[in-house]
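Engineer: Based on what follows, work out the 3D shape:
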Amino acid sequence: MAYESDRPVFVISVAAELAGMHPQTLRQYDRLGLVQPSRAPGRARRYSQRDVDKLQQIQDLSQNGVSLEGIKRIMQLENQVDALQSRNEELMDEVERLNMRLQESSRVFAAGLSGDIVRITRGKRPPARKRSQAVVLYRPER
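Structural biologist: Numbers count the residues shown, from 1 in each chain. Below is the predicted model:
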């Protein structure tokens, strides 16, 4: 049975066992704001698989000598990087969409055979003219 990684399904004892920690350690991390589990009715903590993964990351960092304050700062920076990467993707999509819109809305004009200005489709040439007639292309400034 597959479950979503953000779905809060584990009680504190199961999450502690999965992370290889004591339940009291999970309570301390909750108080410090390192891992913030969901709350079920009656205020019982419910941990998701993502929370358990985060607990394991905290444990690895702690075992490598990083203080709890250091771990908290690392996690804040990782969250900030994730948010910035997400925002960058949104902005890149917006730039691409605006470039497409700009290309579609760009107008190209040429002088018609009688001297009037006619609109032509981007990438198309105006109708053939005699050599004595000059072709003047005009693209309005934005």
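
Engineer: hey, let's count contacts and neighbours off CA atoms from now on
Structural biologist: Fine.

Engineer: following the longest helix along the chain, which helix or strand comes up?
Structural biologist: Of all segments of type helix in the chain, defined using DSSP state H, the longest is helix 68-105. Per DSSP states H and E, the first helix or strand lying C-terminal to helix 68-105 is strand 108-111.

Engineer: Number of residues surrounding residue 81?
Structural biologist: Applying other C-alpha atoms under 10 Å, we find 12 residues neighbouring residue 81.

Engineer: Domain map for this protein?
Structural biologist: Domains of the chain are assigned by automatic domain parsing as 1-65, 106-142.

Engineer: Let me know which of those domains is tucked in deepest.
Structural biologist: Burial of the domains of the chain is given as mean neighbour count (mean count of other C-alpha atoms under 10 Å); domain 1-65 ranks first at a mean of 15.

Engineer: For that domain, what is the distance to the chain centroid?
Structural biologist: From the chain centre to the centre of domain 1-65 is a distance of 25 Å (C-alpha atoms, centre = their mean, to the nearest Å).
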